[in-house]
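S.K.: Here's a sequence, model it:
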Amino acid sequence: MSKTGKVKIRIKSNWLDYLYILPAVILVVTFFISSIIYTTYISFFDWNGIGSKIFVGFQNYISLFKDSNFLISLLNTVIWVAASMVTSLIIPFTLAALITRSSGTKLFRSVFYFPATLSGTVGGLIISSLLSTYGLPALLGELTGNTARSNWLNTPYFNTFLMICAGVWQGVGLNMLLFIAGIRNMDASPIESAMIDGAKGLKLYTNVVIPIIKPTILVVMLMTIVNSFKVFDIIWVTTKGGPYRTSETLAFTMYQESFGHGKYGRGSAVAVVLSLIILVISYFNIKNFLQRYLRARMIKTSKKYKRL
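M.R.: As a prediction, the model looks like this:
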C-alpha cells in the first residue's frame with residue numbers, strides 16, 4: 001500500500017490465458033465485427049442487392065430523417081423501450097419480493113416464468129388469436145350488444161400498446177428470476193440491522209434492498225433495453241408493421257427497407273443508427289456498473305491491507 005493510501009494491485013497474466021479466449025475472439029471478429037464494417041460500408045451506397053453499387057455518401061441517412069415513416073418507427077422504438085424498461089423493472093421486482101417472502105415459491109416461479117419459454121412468434125400468435133376480430137373484441141361486442149366487428153391490432157398506436165404489453169408479459173419471468181437470485185444472494189446483515197432499527201415493508205426495500213441489488217437491476221435494465229430495441233418477431237406475426245406502417249420499430253423498418261423494398265443501402269443505414277443508439281446506451285450503463293464494481297473492490301482490498 002502506498003503512502004497516499006492508494007492500493008496497487010498487480011495482475012499476473014500468462015500468454016496461455018489469451019490463448020484460451022482466442023477462438024471466441026476469432027468468432028467475434030469473423031461474424032460480428034466484419035458484419036458491422038460491411039453494413040456500415042453498404043449504408044453509403046444505393047444498392048438493390050443484385051446490380052452495381054452507386055455511392056451516395058450520407059444521402060441514405062439524410063433521406064431517413066426526412067422520412068415520416070422512419071420518424072414514426074423511431075418514436076415507436078423509444079416508447080417501446082421506455083415502457084418496457086419501467087414495467088420490466090417494477091413488475092418483476094414486486095413479484096420477486098412477494099415470492100421470496102412466501103411459501104410454495106416453485107409453483108409461482110413456474111407460472112410466471114412459463115411465458116419466457118415461448119418464442120416471440122408463439123407469443124404473437126397468441127396475441128393475434130385473442131385480440132383480432134374474432135377474439136376478445138367479438139366477445140366484448142356480444143356482451144355489450146355492439147355488433148360491429150373491430151380488430152384491435154388494426155387500430156393505429158393502440159396496437160403498439162398491446163404488443164408492448166405482450167412483450168412485457170413474456171419478459172417478466174426471466175427478470176423475476178434474476179431479481180429472486182439477487183435478493184437471496186445478498187448479505188443479510190444490512191437487512192437485519194435495518195429491521196432492528198424499525199425498517200420494514202416498503203421502507204426496507206427502498207432504503208436497503210434496492211441499493212444492495214443495484215448490479216442486478218442494471219443487468220435487467222440493460223437486457224430489457226437491448227431486447228426492446230431489437231424486437232421484430234411479435235410485430236411481424238401480429239401487424240406486419242401496419243396499418244400504414246404505424247406500428248413499425250427500427251428493427252422492423254430495417255428489415256422492410258432491405259428485404260421488403262430492396263433498398264439495402266437505406267436498410268443498412270437504419271441498422272447503423274440502431275446499433276449506435278444501443279452502443280451509446282450500453283456504454284454508459286456498463287461504464288456505471290464497472291465504476292461501482294471497481295470502487296467496491298478497491299474499498300474491500302483497502303480494508304484487507306489495513307487488517308494486515
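S.K.: from here on, contacts and neighbour counts on C-alpha atoms
M.R.: Will do.
S.K.: Can you give me the pLDDT of Pro137?
M.R.: pLDDT recorded at Pro137 is 76.
S.K.: elements contacting the one helix or strand it maps to?
M.R.: According to DSSP states H and E, Pro137 maps onto helix 136-144. Here helix 136-144 touches no other helix or strand, going by 3 or more Cα pairs under 8 Å, 6 or more residues apart in numbering; DSSP states H and E.
S.K.: okay, it in CSV with CA atoms only?
M.R.: What follows is helix 136-144, C-alpha atoms only, in CSV (Å, rounded to 0.1, in the frame of the first residue of the first chain):
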residue,chain,number,x,y,z
LEU,A,136,-61.7,-10.7,-27.3
PRO,A,137,-63.2,-7.7,-29.3
ALA,A,138,-66.0,-10.0,-30.6
LEU,A,139,-66.7,-11.4,-27.1
LEU,A,140,-66.9,-7.9,-25.6
GLY,A,141,-69.2,-6.9,-28.5
GLU,A,142,-71.6,-9.7,-27.7
LEU,A,143,-71.7,-8.8,-24.0
THR,A,144,-72.3,-5.1,-24.7
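S.K.: That one: how far from the chain's middle?
M.R.: Mean C-alpha position of helix 136-144 versus that of the full chain (Cα atoms, centre = their mean, to the nearest Å) differs by 34 Å.
S.K.: Just after it, pick out the following helix or strand.
M.R.: helix 158-185.
S.K.: what mean pLDDT would you report for whichever strand or helix holds Thr224?
M.R.: Thr224 is part of helix 214-229, with elements assigned from DSSP H and E. Averaging pLDDT along helix 214-229 yields 86.
S.K.: With only the CA atoms kept, save it in PDB.
M.R.: Provided in PDB are the C-alpha atoms of helix 214-229 (Å, rounded to 0.1, in the frame of the first residue of the first chain):
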ATOM      1  CA  LYS A 214     -28.200  -2.400  -7.900                       C
ATOM      2  CA  PRO A 215     -25.900  -4.600 -10.100                       C
ATOM      3  CA  THR A 216     -28.900  -6.900 -10.700                       C
ATOM      4  CA  ILE A 217     -31.100  -4.000 -11.600                       C
ATOM      5  CA  LEU A 218     -28.500  -2.700 -14.000                       C
ATOM      6  CA  VAL A 219     -28.300  -6.100 -15.700                       C
ATOM      7  CA  VAL A 220     -32.100  -6.400 -16.000                       C
ATOM      8  CA  MET A 221     -32.300  -2.800 -17.300                       C
ATOM      9  CA  LEU A 222     -29.600  -3.400 -20.000                       C
ATOM     10  CA  MET A 223     -31.200  -6.700 -21.100                       C
ATOM     11  CA  THR A 224     -34.600  -5.000 -21.400                       C
ATOM     12  CA  ILE A 225     -33.300  -2.100 -23.400                       C
ATOM     13  CA  VAL A 226     -31.400  -4.300 -25.900                       C
ATOM     14  CA  ASN A 227     -34.300  -6.700 -26.300                       C
ATOM     15  CA  SER A 228     -36.800  -3.800 -26.800                       C
ATOM     16  CA  PHE A 229     -34.600  -2.200 -29.500                       C
END
